[in-house]
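Chemist: pasting the sequence and the predicted coordinates here, then a few questions.
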Amino acid sequence: QTDQTSLSLSLSLSLSLSLSLSLSLSLSHIMNPDLKAERAGASFDPKALTPHLYGGQARLERFNAVRRLIEEDPVFRVDDYYFASREERYTRAMEKTSRLVQLVKQHNLSEEESIVMRLCIREQLPLGLHWVMFIPAIKGQGTPEQQKKWLPLAQSLRIVGTYAQTEMGHGTFLRGLETTATYDPATKQFVLHMSDHGPHAFIVQIRDLDSHKPLPGVSVGDIGPKLGYDSMDNGFLKLDHVRIPRDQMLMKFAQDPKPSPVWIHVWSPERPDDFAQVSESGAYTRPPNTKLSYGTMIYVRSVMISDAARHLQAATTIAIRYGVVRRQSLLEETASKETQVLDYNSSQQQLFPLLGWAYACHFAGQHLIKMYQDLQASLNRADLSMLEYVHGTTTGLKALVTTIASEGLETCRKACGGHGYSRFSGLPDFYQDYVPACTYEGENNVMKLQCARYLVKCFRQAAKGRNLAPEMSYIGQATKPSHTSKPLNLDGPDAWLHWKIQSRVLEAKACLSLAAAVRELDRQLGSTSKGKAWNNAAEPLSAAALEHSQVVMLRLLEGGIATPSIADTARRALESLRSLLALKLIQAQAPALQLANLLSAMDVQHLSTAVTKLLAVVRRDAVALVDAFDLSDHFLNSALGRYDGQVYEALYAAAQKSTLNATPVTRAVQEHLQPLMKFSRAMLGMPKL
Ligand SMILES: CCCCCCCCCCCCCCCCCC(=O)SCCNC(=O)CCNC(=O)[C@H](O)C(C)(C)COP(=O)(O)OP(=O)(O)OC[C@H]1O[C@@H](n2cnc3c(N)ncnc32)[C@H](O)[C@@H]1OP(=O)(O)O
Ligand SMILES: Cc1cc2nc3c(=O)[nH]c(=O)nc-3n(C[C@H](O)[C@H](O)[C@H](O)COP(=O)(O)OP(=O)(O)OC[C@H]3O[C@@H](n4cnc5c(N)ncnc54)[C@H](O)[C@@H]3O)c2cc1C
């Protein structure tokens, strides 16, 4: 009660705003003066950078057209978002999904445009997994015959699918899965209930096509409330001797050197005589690599880098815009105005590297989607040579960026002070819906160790003098003795601004970590089993994986910035951001780098000066750099991150919609507090106020 009173007293309320129904109401005609000044003072025009981020002007215009379809349609309104119960959120999300599909058909949108549409909706859609995993699994794992049968059904939503791999007892350890598929040659069916040939993918019908009721032998339902993901009905599934036809085992990658007429044919243009895994008589043949059935997970890990970008872009947009609108305390007692919170060094140290990561994830996300497409193309040629590299890279990047993004969302929330804790800031919801990304699609500790396995292999190959993939060749340094290294001895802070210096030091540090991890692993291997040695060396191995992944991400950021189509002014702003991110990473490792004689004390001093200078440079363009993401108020659904900066009015207007404000005295007070107070007064007398 007290808090509500003080809130209403401290606000100067504009009447038009108090009628607002949505946090995304456009009020650009009354732009906050601080935000206006920031935009006027930037060194580049964000409108010149935005098309580059969206793949060119034409694609940006298509994106905007598709976005308008969503934002102008009442089904996608967001005014009820923060007040809905879980069931309402789920129901609304299903309504949005259905409308989305109608709009795609009505406007004859391409697959790319329908993905764009999904990205514009501020909600996790219950059919998300159908598009992100079920359809990609059929494409990636199904034979041409299977694709021909299932893809049209799935793409037209005559069937909807999920990806039910994790069990109650096993998520990480796929070889430990207990669900089994036993082939019955008499009926030519699999009985899903037992096989010891490792994980394989099957299409299993679980509900009746008309009634949507579970089929016999199937128990299925919602797992109940979670930390977030309220709009999703993540489910449990139990299969009791469920029978499916033999050709519902996805068999694209299966081969048999000795074909026989009863084997299911597997297509491959170069190797047309390759044949599949389970014959009609029940004989089993291994695929050329047992991990090929994990391909859908590689795909999702790749698109998750773009998803991290989207979340970091949203969070930094909110925190940076709010950081210039919010004024708090006096930096100097004589100042005429309170300080913008973004001028505090501690705010900049936290937020600007995250802005750098938002751009890094953006460029890396584009690269990884292309990398996955290249992998698919090579697998279709029966060429497995890319598999190990892509698995090693995606596992490391998945672990690194989902950690940065989820911790970053929380950092942005804290950077917004008390109002950041309000759900109207948008940040708590972005956080709770994003944070499971650290767990799903491979728990991050496990993913770091998978990446480390690949790095150790690369290290051992380099030590034997073998050539590595060009992207990995820098690891050769790790095998050289470190006592010969000399410090950089840079001649001033500005020398730190060169990408070549930054990448050299980041790579050197990653090599130091990898060499240390291999030393520890080898020491352990000398006295214990392989499994225990890897377990005991987990910490240095994980550190090596993260530092390698940082190198990869920074390279991809640099590659994205170096594209000729970016205007010079914007490129310079992005280069400063990249330098700041790289130097902050190096600064965090400075003691180890000095110890290894890679940096002198003077290098470290210059580094600190360079960081301070860069904070000021990035500060000038911070708003322009987030404006360039061009995230709409509708998508952000944030009182603090609005384009017009009218944050207090939006917060107040949103608070009015709280159901606790529907009556001047709440039901809880009437039913419980008032009788209690009445009783106290009856016992002790009416207070004199
Ligand atoms: C463009 C579109 C844009 C759309 C945008 C929309 C935005 C999208 C946002 C994304 C939302 C996504 C929602 C997803 C929801 C969650 C879904 C799930 O969690 S689903 C559930 C997800 N569940 C998980 O992710 C489970 C995680 N667990 C696993 O992946 C595995 O069990 C394991 C990897 C940990 C071990 O596996 P195990 O069988 O025990 O293997 P061993 O240890 O014995 O290693 C043997 C060797 O194999 C190697 N190798 C391994 N994998 C691969 C691979 N893929 N390949 C190649 N190699 C691989 C390994 O390195 C080793 O090599 P070596 O050293 O011997 O040479
Ligand atoms: C929101 C959400 C949605 C999901 N959606 C799906 C879905 O659609 N389909 C699906 O199949 N699954 C789904 N999952 C499940 C998800 O993929 C698993 O939770 C994930 O793979 C982790 O497995 P686990 O839960 O068994 O964790 P565990 O493996 O039990 O992990 C517990 C702890 O043990 C550690 N650990 C385990 N193994 C190792 C190891 N080898 N080395 C070191 N540490 C280890 C982990 O680091 C972790 O700290 C979803 C999960 C969430 C949270």
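Modeler: Arrived safely. Ligands and ions are numbered 1, 2, ... in the order given.
Chemist: and Pro288, how many residues sit next to it?
Modeler: 13 (other C-beta atoms under 10 Å). Yep, even glycine has a C-beta here, placed from its N, CA and C like the rest.
Chemist: so it touches Leu379, yeah?
Modeler: No. Checked against C-beta atoms under 8 Å, the pair Pro288 and Leu379 is beyond contact range at 9.8 Å.
Chemist: so what sits against both of the two?
Modeler: Overlap of the contact sets of Pro288 and Leu379 (by C-beta atoms under 8 Å, 6 or more residues apart in numbering) consists of Phe253.
Chemist: find the closest residue to ligand 2 in the stretch 451-600 of the chain.
Modeler: Ala538 (6.5 Å; C-beta to the nearest ligand atom).
Chemist: let me see the contact set for that residue.
Modeler: For Ala538, counting by C-beta under 8 Å, 6+ apart, the contacting residues are 445, 449.
Chemist: kindly report the residues of the protein close to ligand 1.
Modeler: Neighbours of ligand 1 within the chain, by C-beta under 6 Å from any ligand atom: 115, 132, 163, 165-166, 171-175, 291, 294, 297-298, 300, 303-304, 307, 369, 387, 391, 440-442, 446, 450, 453.
Chemist: do you know the pLDDT at the residue of the stretch 451-600 of the chain closest to ligand 2?
Modeler: The score at Ala538 is 98. That number is its pLDDT.
Chemist: ligand 2 contacts on the stretch 101-250 of the chain?
Modeler: Within the stretch 101-250 of the chain, the residues that sit near ligand 2 (C-beta under 6 Å from any ligand atom) are 129, 163-166, 170-172, 229, 234.
Chemist: can you name the two of those that are farthest apart?
Modeler: Pairwise distances across those peak at 21.0 Å for His170 and Tyr229 (criterion: C-beta to C-beta).
Chemist: between the two, tell me which one has more neighbours.
Modeler: Shown here are His170 and Tyr229; by other C-beta under 10 Å, Tyr229 has more neighbours (20 against 14).
Chemist: correct me if wrong: that one contacts Pro436.
Modeler: Yes. Counting by C-beta under 8 Å, Tyr229 does reach Pro436; the two are 6.6 Å apart.
Chemist: which parts of the stretch 251-400 of the chain are helices?
Modeler: In the stretch 251-400 of the chain, the segments counted as helices under DSSP state H, counting those that start in this stretch are 295-325, 345-380, 387-415.
Chemist: tell me the contacts of the residue nearest the centre of the chain?
Modeler: Geometric centre of the chain, nearest residue: Ala308, 2.7 Å, by C-alpha atoms, centre = their mean. By C-beta under 8 Å, 6+ apart, the residues touching Ala308 are 361, 365, 401-402, 404-405, 437.
Chemist: residue of the stretch 51-200 of the chain closest to ligand 1, please.
Modeler: For the stretch 51-200 of the chain, C-beta to the nearest ligand atom, closest residue to ligand 1: Leu174, 3.6 Å.
Chemist: Asp240 versus Leu192, what's the distance?
Modeler: Using C-beta to C-beta, to the nearest Å, we find Leu192 at a distance of 9 Å from Asp240.
Chemist: neighbour count for the two, which is higher?
Modeler: Higher neighbour count among Leu192 and Asp240: Leu192, with 20 against 10, using other C-beta under 10 Å.
Chemist: okay, the more buried one: pLDDT?
Modeler: Predicted confidence (pLDDT) for Leu192: 80.
Chemist: export the contacts of Ala308 as TSV, with columns for distance to Leu342 and neighbour count.
Modeler: As requested, the contacts of Ala308 are exported to TSV (distance: C-beta to C-beta, whole Å; neighbours: other C-beta atoms under 10 Å):
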residue	distance to Leu342	neighbour count
Cys361	22	31
Gly365	26	23
Val401	24	28
Thr402	26	28
Ile404	20	23
Ala405	21	30
Ala437	27	19
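Chemist: closest to Val220 out of those?
Modeler: Of all the contacts of Ala308, Val220 sits closest to Ala437, with 24.6 Å by C-beta to C-beta.
Chemist: wait, doesn't that closest one sit right on Thr402?
Modeler: Yes. Counting by C-beta under 8 Å, Ala437 does reach Thr402; the two are 4.3 Å apart.
Chemist: for the contacts of Ala308, which one is nearest ligand 2?
Modeler: Closest to ligand 2, out of all of the contacts of Ala308 and judged by C-beta to the nearest ligand atom, is Ala437, at 8.3 Å.
Chemist: so the closest one, which state does it fall into?
Modeler: Under DSSP: H, G, I helix; E, B strand; the rest coil, Ala437 falls in the helix class.
Chemist: and stretch 94-106, what's buried?
Modeler: For stretch 94-106, a neighbour-count test (16 or more other C-beta atoms under 10 Å) marks 96-97, 99-100, 103-104 as buried.
Chemist: Lys238 falls within a strand, correct?
Modeler: Yes. Applying three-state DSSP, one finds Lys238 inside a strand.
Chemist: how about it: what's its closest non-neighbour residue?
Modeler: Once flanking residues are discounted, Lys238 sits nearest to Ser219: 4.0 Å by C-beta to C-beta, 6 or more residues apart in numbering.
Chemist: can you give me the pLDDT of that neighbour?
Modeler: For Ser219, pLDDT reads 95.
Chemist: do the same with the one 3 residues further on
Modeler: As summarised for this prediction, Asp222 has a pLDDT of 96.
Chemist: who are the neighbours in contact with it?
Modeler: For Asp222, the contact set (C-beta under 8 Å, 6+ apart) comprises 233-236.
Chemist: which one of those has the most neighbours?
Modeler: Counting neighbours by other C-beta under 10 Å, Asp233 leads the contacts of Asp222 with 17 neighbours.
Chemist: go ahead and confirm that one touches Thr91.
Modeler: No. With contacts counted by C-beta under 8 Å, Asp233 stays clear of Thr91, the gap being 10.4 Å.
Chemist: quick one: distance of stretch 395-415 to the chain centre.
Modeler: Centroid separation for stretch 395-415 versus its chain: 8 Å, with C-alpha atoms, centre = their mean, to the nearest Å.
Chemist: now it: average pLDDT?
Modeler: In this model, stretch 395-415 has an average pLDDT of 98.
Chemist: buried set for it?
Modeler: Within stretch 395-415, the residues that count as buried by 16+ other C-beta under 10 Å are 395-406, 408-413, 415.
Chemist: re the thing from before, of the contacts of Asp222, closest to ligand 2?
Modeler: Nearest to ligand 2, judged by C-beta to the nearest ligand atom, of these is Asn234 at 5.3 Å.
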